[in-house]
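Engineer: Okay, structure incoming, though there's no sequence with it:
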């Protein structure tokens, strides 16, 4: 009976996943920073999205994001930490429908050997994604090792993909590059870029930008540490919406069991919402760039994310009971 | 005889100052990142300046910089570390003649108490300088505490103040706000902003932008950890020039002894180079914003920085023998 999916157990695993629970520390930042979020008056998106957006006039916005890499990756494989620090930042800009311009890094290093591997990983990431690392700051005498990267991008102000834009009745789309493999040391890293041609990897970023600039997609996020359902829930919470999703419609590489798949961080993966009449084009367009997009459900007015499998429906997240963001 | 300055001892202190020697680790970053510095082709300034510049068309560049705070400040006074993390980044954009747009932060935190003080300092810095902190990344379960901030600004491409622009025969200008006091815990922090009205602090940034946009200043840097002479040397090394400087012409608050003054990190302080006919206007204009600017010497073709005091001249830095950057 090994082929029967224990659906209840699967959903429990998603709810208790560290990638979801770790997001809660964000609330304190918001309380403490308070009014500093928009002291200049030209910030149009601050917290709650993959990147923040600052109006620079002429219908242009500058996108800014910062992301770090979990210490557990840094300690075990600094090369991969460096590579991923580029990947996660580039995806933050892609998920807004923007064009990545440049990155800077902030490193704390206690050990020179780690440092070389880390920088080599960063360099290889830059070459793969075609985004320059133009500077940074090094804490050379740190007591521990960590890497953070900040990225800047540019987008058209009225063409942004945001986390605020999901509308009741929109279809939910999960879009993932299925041509990959779990990283040999980190099985939840669904690696789709490392062995792939740089041109195709960069075209995947540009493809999302194209769908944004041509009004196909207005709402979305890149799938990150919280996994597919955790990322969707973040999008829904920011938009003040819920959704009903069919598990079986989520694109999956069948070599990966569902429990791992739902918690994976894909090299190229997004959740979008879009009106029904845009969905076919989105699917066909992304398929050209090795990204399988599928309609997996619908946005609702309820503040819950419900997942159905073989006739059974389970509430995975409730924005009042167990939100991913603790806003 | 306590009033007689031991000039040789003073220069030796400057040469051996940790703020100068710590810069050397930068060389390794450059070697390892190599071609990743300009993989996209639109980076016009990368390493070696206060901020990097990316061409976005229409004679506009996006400026990006990242800076951290020494662990010794973070461990002793996290509030001040947070405040300064804003100050140093804003000054990086000001020193390019740019307008600061937004910041993001990357924090490693092992201790919740430090975290609150750090964020409160960041918030107060944002309010003082009028620049928003729009996001960030937190390593919540780090083994040590550190803070890094990245900043984005915007400038006119043909009006940038760079570290590459010092020309033989230009005058060297040191410009410092003398209305301040040493921080009570960190005597080398010449604090000129904390007790000052936010409007004047923000006007100081805008004043440098004005001088850049109106072609008064083409080369300069903000005075940072390496101090007045160390920062000037960095500017000269990047430009491939030297300079002769008269110690007594350097603007100084006389309550601070020379040895501390030359190593201080001012809240608002810059070294510029400019043609002689621009110098009077620069002095008068900055004086309106509480910044005392003075011509302290001249740029030369030699690759040495020489300082003269009461008829005695000492070579402080030689780009072949003891450069600040080890490029």
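Structural biologist: Looks like it arrived, so ask away. Keep in mind that what you see is a predicted model, and the values were worked out from it rather than measured.

Engineer: Could you find the closest non-adjacent residue to residue A:233?
Structural biologist: Excluding the flanking residues, the one nearest residue A:233 by CB to CB, 6 or more residues apart in numbering or on different chains is residue A:317, at 4.4 Å. (C-beta placed from N, C-alpha, C; glycine too.)

Engineer: What lies in contact with the helix or strand where that neighbour lies?
Structural biologist: Secondary structure from DSSP states H and E places residue A:317 in strand A:312-318. Strand A:312-318 has contacts (CB atoms under 8 Å, 6 or more residues apart in numbering or on different chains) with A:7-8, A:11, A:14-15, A:229, A:233, A:236, A:244, A:303-308, A:323-324.

Engineer: mind redoing it with 6 Å?
Structural biologist: A:7, A:11, A:229, A:233, A:304-307 (CB atoms under 6 Å, 6 or more residues apart in numbering or on different chains).

Engineer: per-residue confidence for the residue nearest to residue A:233?
Structural biologist: Confidence at residue A:317, expressed as pLDDT, is 96.

Engineer: partner residues bridging it?
Structural biologist: Beta bridges link residue A:317 to residue A:305, judged by DSSP bridges.

Engineer: Which parts of chain A belong to which domain?
Structural biologist: A:7-23+A:161-318, A:42-158 (automatic domain parsing).

Engineer: so of those domains, which one's packed in deepest?
Structural biologist: domain A:42-158 (a mean of 23; mean count of other CB atoms under 10 Å in any protein chain shown).

Engineer: Can you confirm whether it lies near chain B?
Structural biologist: Yes: Domain A:42-158 reaches chain B (CB under 6 Å from any CB of the partner chain) through A:43, A:46, A:52, A:54, A:56, A:62, A:64, A:66-68, A:101-102, A:104, A:106, A:108, A:119, A:123, A:126-127, A:130, A:132-140, A:143-144, A:146, A:148, A:150, A:152, A:154.

Engineer: now the end-to-end length of that domain.
Structural biologist: 15 Å (CA to CA, to the nearest Å).

Engineer: any idea of the mean pLDDT in that domain?
Structural biologist: 89.

Engineer: So which residues of the stretch 201-327 of chain A form helices?
Structural biologist: For the stretch 201-327 of chain A, the helices defined by DSSP state H, counting those that start in this stretch cover A:227-239, A:258-263, A:276-287.

Engineer: And the contacts of the first one?
Structural biologist: Judged by CB under 6 Å, 6+ apart, the contacts made with helix A:227-239 from elsewhere in the structure are A:14, A:19-20, A:48, A:163-164, A:166, A:221, A:223, A:242-243, A:262-263, A:271, A:305, A:316-317, A:319, A:323-325.

Engineer: That one vs strand A:312-318, what angle?
Structural biologist: For helix A:227-239 against strand A:312-318, the angle by axes from the mean of the first three to the mean of the last three CA atoms, to 10 degrees is 60 degrees.

Engineer: Quick one: the strands in the stretch 101-250 of chain A, in order.
Structural biologist: Using DSSP state E, counting those that start in this stretch, the strands of the stretch 101-250 of chain A run over A:133-139, A:146-156, A:171-176, A:181-182, A:189-191, A:219-222, A:242-246.
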